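Asks: structure for this input, please:
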Amino acid sequence: MDILNKIKKAGLVGRSGSCFPVALKWEMVAKASDQKKYVICNASEGEPGVKKDGYILNNFPVKVIDGIKIALNFLKADKGFIYLNPEYYKKYHKKLKKIINTSPIELIAKPANAGYIGGEESSILNSIEAKRIEPRLRPPFPTTNGLWGYPTLINNVETFYDVSLVAASKYKNTRFYTINGDCLLDGVYELPTNYTIEKILKLTKNFPNFPFFVQIGGDASGLILNSRQLKRPVSGAGSITIYSQQKYNPKELIANWLYFFKSESCGQCTPCREGTYRLMEILNSKEINWKNFTDILDNLSDTSFCGLGCAAPLPIKSYITNVLSGMPENKINLGPGAKKIICGCFK
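Replies: Model (predicted):
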């Protein structure tokens with residue numbers, strides 16, 4: 001059985017957070033008519049709270065390189081690249097170079113000033129091509145118009161690790177989960193993909209005995225769920241961050257999320273550049289206009305150029321809907337009657 005059919009049979013999806021079918025992406029690049037093709041392993045891992053790719057590079061680098069070589073051979077690609085964030089490059093480049101040996105794979109350090117958006121797949125293309133590091137307009141997609149205009153396969157570290165297992169008939173439908181936050185046994189765990197959040201926390205002895213909520217998929221763009229919403233699998237980048245409900249001030253939490261998106265905006269599009277700034281401005285004002293705040297959040301979702309701006313409303317809206325709406329008024333600390341006004345805006 002060839003590798004594409006093996007990947008299809010395994011039902012493998014990308015582990016970067018998009019959950020795009022791996023076989024479909026490989027097939028799209030394979031069908032592209034150009035003779036020259038490239039493969040990129042995205043090891044930028046810039047989402048706060050997600051540490052699984054670093055764990056894999058440290059513990060299973062041979063399998064990652066093997067997965068990249070399999071892709072190169074399948075696509076008859078000219079060259080592969082491993083795009084590492086500065087921390088990973090410093091830690092692992094010597095080990096990886098030794099494993100790569102004479103294979104046509106080059107290590108590239110993500111520029112220190114590239115920020116979170118430097119890990120977006122079309123921004124990676126611009127970075128390698130020494131252009132301004134910002135997302136490209138899509139379509140066309142990297143699968144047909146990638147590096148220097150040629151078809152390019154971009155998968156993340158865990159995906160190439162899984163491909164290696166699939167090729168060796170050792171894939172067991174597991175994935176890596178990062179567990180962070182208010183827990184004793186934080187770290188990276190490999191467990192079945194269909195385990196619920198609740199089951200994972202209990203199995204790893206991280207299920208809290210205090211009022212809590214969680215953020216799934218990253219500490220910036222991840223979805224917020226209360227403790228009664230955990231009977232579902234972990235989506236996205238596979239992280240679970242636990243928050244003690246008594247420990248965090250709602251305004252400070254919202255401000256932290258907004259500060260991340262404002263700081264990491266590449267400035268290319270007006271909705272994200274100006275919207276995140278205005279949201280911080282409203283939140284820091286003496287009298288918060290929650291109607292304007294909500295309108296700008298909705299605008300970010302609808303009009304931002306790339307996933308950064310589109311993702312900014314998710315943690316805030318889900319926190320207000322799933323957590324803040326159930327908190328006592330005297331625990332919110334946002335002013336008299338604030339809970340009713342805020343929750344009314346976010347229905």
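
Asks: tell me the first helix or strand C-terminal of the lengthiest strand in the chain.
Replies: As assigned by DSSP state E, the longest strand anywhere in the chain is strand 174-181. Downstream of strand 174-181, the first helix or strand assigned by DSSP states H and E is strand 187-192.

Asks: burial of Ser265, as a residue count?
Replies: 24 (other CB atoms under 10 Å). Heads up, the C-betas are built off the backbone N, CA and C, glycines and all.

Asks: and it, what's its pLDDT?
Replies: Note for Ser265: predicted pLDDT of 83.

Asks: does it touch Cys310 like I think?
Replies: No - between Ser265 and Cys310 there is no contact under CB atoms under 8 Å: 11.9 Å.

Asks: ok, Ser244 - contacts?
Replies: Going by CB atoms under 8 Å, 6 or more residues apart in numbering, Ser244 touches Asp182, Pro208, Phe210, Pro211, Phe212.

Asks: the last one touches Ser227, doesn't it?
Replies: Yes - under the criterion of CB under 8 Å, Phe212 makes contact with Ser227 at 5.7 Å.

Asks: which residue ranges of the stretch 1-150 of the chain form helices?
Replies: 3-10, 22-31, 52-59, 61-75, 86-100, 121-128 (DSSP state H, counting those that start in this stretch).

Asks: compare those helices and give me the one nearest Glu329.
Replies: Smallest distance to Glu329 across the helices of the stretch 1-150 of the chain (CB to CB): 38.8 Å, for helix 52-59.

Asks: now what about the helix or strand that Glu281 is a member of, what contacts it?
Replies: For Glu281, the host element (DSSP H and E) is helix 270-283. Helix 270-283 has contacts (CB under 8 Å, 6+ apart) with 251, 254-255, 258-259, 261-262, 265-267, 288-289, 292-293, 296-297, 299-300, 303-306, 308-309, 312.

Asks: let's see it at 6 Å
Replies: Helix 270-283 is contacted by residues 255, 258, 261-262, 265, 267, 289, 292-293, 296, 299-300, 303-304, 309 when judged by CB atoms under 6 Å, 6 or more residues apart in numbering.

Asks: filter these to the buried ones?
Replies: Ala255, Leu258, Phe261, Lys262, Ser265, Phe293, Ile296, Asn299, Leu300, Ser304, Gly309 (16 or more other CB atoms under 10 Å).

Asks: now do the contacts for the closest residue to Glu158 other than its chain neighbours.
Replies: The shortest distance from Glu158 to any non-neighbouring residue, by CB to CB, 6 or more residues apart in numbering, is to Arg15 (3.7 Å). For Arg15, the contacting residues are Asn156, Glu158, Thr159, by CB under 6 Å, 6+ apart.

Asks: do that again at 8 Å, thanks
Replies: Here Arg15 is in contact with Lys52, Asn156, Val157, Glu158, Thr159, Asp162, Arg175, Phe176, Ala237, Gly238 (CB under 8 Å, 6+ apart).

Asks: from Gln268, how far out is the second one?
Replies: Taken as CB to CB, to the nearest Å, the spacing of Asn156 relative to Gln268 amounts to 23 Å.

Asks: same check, this time on the third one
Replies: Separation of Val157 from Gln268 (CB to CB): 26 Å.

Asks: just give me the neighbour total for the closest residue to Trp257 other than its chain neighbours.
Replies: Among residues not flanking Trp257 along the chain, Pro315 sits closest, at 4.9 Å (CB to CB, 6+ apart). When neighbours are counted by other CB under 10 Å, Pro315 registers 26.

Asks: ditto for Lys36
Replies: For Lys36, the neighbour count with other CB under 10 Å is 15.

Asks: again, but for Ile224
Replies: Neighbour count for Ile224, taken as other CB under 10 Å: 24.

Asks: got it, and Ser263?
Replies: Applying other CB under 10 Å, we find 11 residues neighbouring Ser263.

Asks: cool, and Gly149?
Replies: By other CB under 10 Å, the residues close to Gly149 number 13.

Asks: what's the answer for the one 4 residues further on, then?
Replies: Leu153 has 26 neighbouring residues, counting by other CB under 10 Å.

Asks: no more questions from me, cheers.
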